[in-house]
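A.B. asks: pasting a predicted model and its sequence here:
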Amino acid sequence: MFSKYLPQWRKRLSRLEPSEKTVPAKVEGGEVVRSAEKVDAPDLCISPRQPLRQPDFNQSQYNLGTYLAHRMEEIGVKDYFVVPGDYNLTLLDQILKNESLRMVGCCNELNAGYAADGYARASPARVAVVMVTFMVGGLSLINAIAGAYSDKLSVIVVSGCPSTKSLGEDRLIHHTLSTTDYDQALRMFREVTASSVRLDSARNASAVLDRTIIESLQRSLPVYIEIPQDMFTIPCARPTPLILEGPAPPKPEAIRALSDAFSRCWKRATRPVVIVGALARGIPQPLLMDFIARLGCPVLCQPDGKSLVSEDHEPFAGTLWSGASDPGVERLALESDLWVVIGGRWSDAHHWGKAVHNPRGSDRMIDLQNGYIGMPSGERIDGIPLSATLRTLIYSRITTKSTVAVESVNITKPTQSATPDPDTPLSMSTIVNGIKRLLKEKDTLIADAGDSWFNAQKVRLPPGADFQMQMIWGAIGWSLPATFGMQLARPDGRAVLMIGDGGFQMTAQELSTMIRAKANAIIFIINNLGYAIETAIHDGPYNYINNWDYAALGTCFSKRWHAVDGSNRFAAQEESANRLVPEVVSVRVHTAGELQAALERVERERDKLAVVECCVHPTDYSEGLRQFGAAFG
């Protein structure tokens, strides 16, 4: 079994044999400086990011604002999200000088943060920037940044704040809690970021800025940067190339301990499985697939790890998600005597409080994480990056095991669904099948918290498609602005969203920004007249909401200007751009035939934003959600 994959990893393995190799060094002057040295094992000095390309942006004299604009381009940002306020306006003027960056004005700070979250997930550089104003802006944003922290995303928050003079005076200023304690936002953000700083010294502002950006990139976590108004235009030295150090090479004794401990467990195992979690998104997919082929056993993904392993790949067996799993998948996992878990997380949302589905402390789990490996015996081996762990084990002398064929465990395979009668009332199964047919390579499927989580797992992704959900933070409504961010960051494909009507009402305003930005995402609004996930957990009158004409929002959010101030060049530019915004594909569907017609139009008009309101019966939700509700109720 899996024999067709063995030549792939053997060919790559041959490139890892001891030889004269070049080991990455620092980035200097925009170039990668490498030194040749003899290595006796796989090249484990793996940089998590490509060398930084130097920006086109260039100033004869830099200030702190243009210095920041330079760094934003250098780290790979192309779009940045903004809510203007009186404390950040002149900073935005400085950022606008870099024409390689696109400013994206959002309707509110929470949505801007969610959009940045989505952008950081999908961007090749895996980083996003969001700019807000002091306190009222920052504290509206903090919920979104907590979610980004939960999923280990590099989101750089830049907040304009009062001048250093105002901060040093004993007087009340606006956008405060009526106190003269002006460090409150810094302290609050300290709990949800890797670093929370204020650039209030001309002597070291650029150095602190660089250090904070580097920390966000290297730790893959949000950071918060406050800049006083009088610091925006202070002169700065020309930026030198930003140096990002790769992870330190693991110690030889750690590599030996890893190889020995893994080999002992692997040798004893008779029915091993690989389980891939969301934290494996930080490693190159070819390396992940080589490791899977090297082991040879069946592969399962956690729900938030969906798309990390191609669902057409022979060893892929399905999604492991407590009671929402296919019975065959659950049986395969529970009968296994060894779980090799790559980047897994085990929150209650993953295992639903069932001890049998939570392997923490289990004597059958090898836990491969970035920076450490946990063995079934309780032994922990520290100091090895996840990519280096996989390369070490590919190179080690372990036996490829294909003792359990995926076909032998009676896992439900996808079948071609019969086409329903056009007049059949719309159902969730019809919607799921329609989305399956719609998705293409390079598209991204996004699921909002709720029944969309469970229905999205039923969608078999084509090779090259991505999947995203916010599983641990689980903010209802996150996905609409996040979809916008993902569409901007990955424009070669379309972002396809599944969101309930309750979630949509949380963040609906950002549909307006998507129209303005000409984003061609596809939004399926599942109108089941309330919060289905809350209903499944514990029903009550608080779970029901006012019904909207969702399909009409595509029109009402894209009205032409009713007046033009010709004397204002900014307003005139916006009005001119407003006239060029394409019509939105916006439809409401009640039947299978109407859905088919809507999907055909969405396919034809690929350059347009599409809003498909799907009217389903309130009781039509998945069995997975029913069981989830029972577990949490």
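C.D. replies: Okay, I see it. Residues are numbered from 1 along each chain as shown.

A.B. asks: longest helix anywhere in the chain?
C.D. replies: Looking across the chain with DSSP state H, the single longest helix is helix 252-268.

A.B. asks: quick one, phi/psi of R560?
C.D. replies: Per-residue torsions, R560: phi -70, psi 160 (degrees, to the nearest 10).

A.B. asks: right, and it touches N578 too?
C.D. replies: Yes: R560 lies in contact with N578 (C-beta atoms under 8 Å); the separation is 6.3 Å. Quick note: C-beta positions are derived from backbone N, CA and C, even for glycine.

A.B. asks: these two: which has the busier surroundings?
C.D. replies: Higher neighbour count among R560 and N578: N578, with 15 against 8, using other C-beta atoms under 10 Å.

A.B. asks: check contacts around the more buried one.
C.D. replies: The neighbours of N578, taking C-beta atoms under 8 Å, 6 or more residues apart in numbering as the test, are 516, 560-561.

A.B. asks: repeat that for 6 Å
C.D. replies: By C-beta atoms under 6 Å, 6 or more residues apart in numbering, the contact list for N578 reads W561.

A.B. asks: so where is the stretch 101-250 of the chain shaky, pLDDT-wise?
C.D. replies: By pLDDT under 70, the stretch 101-250 of the chain has no low-scoring segment.

A.B. asks: which parts of it are helices?
C.D. replies: 109-122, 136-150, 164-167, 184-190, 205-219 (DSSP state H, counting those that start in this stretch).

A.B. asks: looking at these, which is closest to M498?
C.D. replies: When those are compared by C-beta to C-beta, helix 109-122 sits nearest M498, at 14.4 Å.

A.B. asks: C-alpha coordinates for the closest one, PDB please?
C.D. replies: The C-alpha trace of helix 109-122 is given here as PDB (Å, rounded to 0.1, in the frame of the first residue of the first chain):
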ATOM      1  CA  GLU A 109     -12.500  48.000  14.400                       C
ATOM      2  CA  LEU A 110     -13.800  44.500  15.200                       C
ATOM      3  CA  ASN A 111     -14.300  43.800  11.500                       C
ATOM      4  CA  ALA A 112     -10.900  45.300  10.600                       C
ATOM      5  CA  GLY A 113      -9.300  42.900  13.100                       C
ATOM      6  CA  TYR A 114     -11.200  39.900  11.700                       C
ATOM      7  CA  ALA A 115     -10.200  40.900   8.200                       C
ATOM      8  CA  ALA A 116      -6.500  41.100   9.300                       C
ATOM      9  CA  ASP A 117      -6.900  37.700  10.900                       C
ATOM     10  CA  GLY A 118      -8.100  36.300   7.500                       C
ATOM     11  CA  TYR A 119      -5.300  38.100   5.700                       C
ATOM     12  CA  ALA A 120      -2.600  36.700   8.000                       C
ATOM     13  CA  ARG A 121      -4.000  33.100   7.400                       C
ATOM     14  CA  ALA A 122      -3.900  33.300   3.600                       C
END
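
A.B. asks: give me the helices and strands touching it, please.
C.D. replies: Contacts defined by 3 or more C-beta pairs under 6 Å, 6 or more residues apart in numbering; DSSP states H and E place helix 109-122 against strand 79-82, strand 127-133, helix 136-150, strand 154-161, helix 479-489.

A.B. asks: give me the contact list for the fourth one.
C.D. replies: Counting contacts by C-beta under 6 Å, 6+ apart, the residues outside strand 154-161 that touch it are 87-88, 91, 116, 120, 127-134, 138, 148, 216-217, 220, 222-228.

A.B. asks: how about the first one?
C.D. replies: If you take C-beta under 6 Å, 6+ apart as the criterion, strand 79-82 is touched by 102-106, 112, 115-116, 129-131, 488.

A.B. asks: out of these, which are buried?
C.D. replies: 104, 106, 112, 115-116, 129-131, 488 (16 or more other C-beta atoms under 10 Å).

A.B. asks: nearest to A552 among the residues you listed?
C.D. replies: When these are compared for distance to A552 (C-beta to C-beta), C106 wins out at 22.0 Å.

A.B. asks: ok, the residue lying closest to the closest one once chain neighbours are set aside - contacts?
C.D. replies: Using C-beta to C-beta, 6 or more residues apart in numbering and skipping the chain neighbours, the partner closest in space to C106 is A112 (3.8 Å). A112 is in contact with 81, 83, 106, 130, counting by C-beta under 6 Å, 6+ apart.
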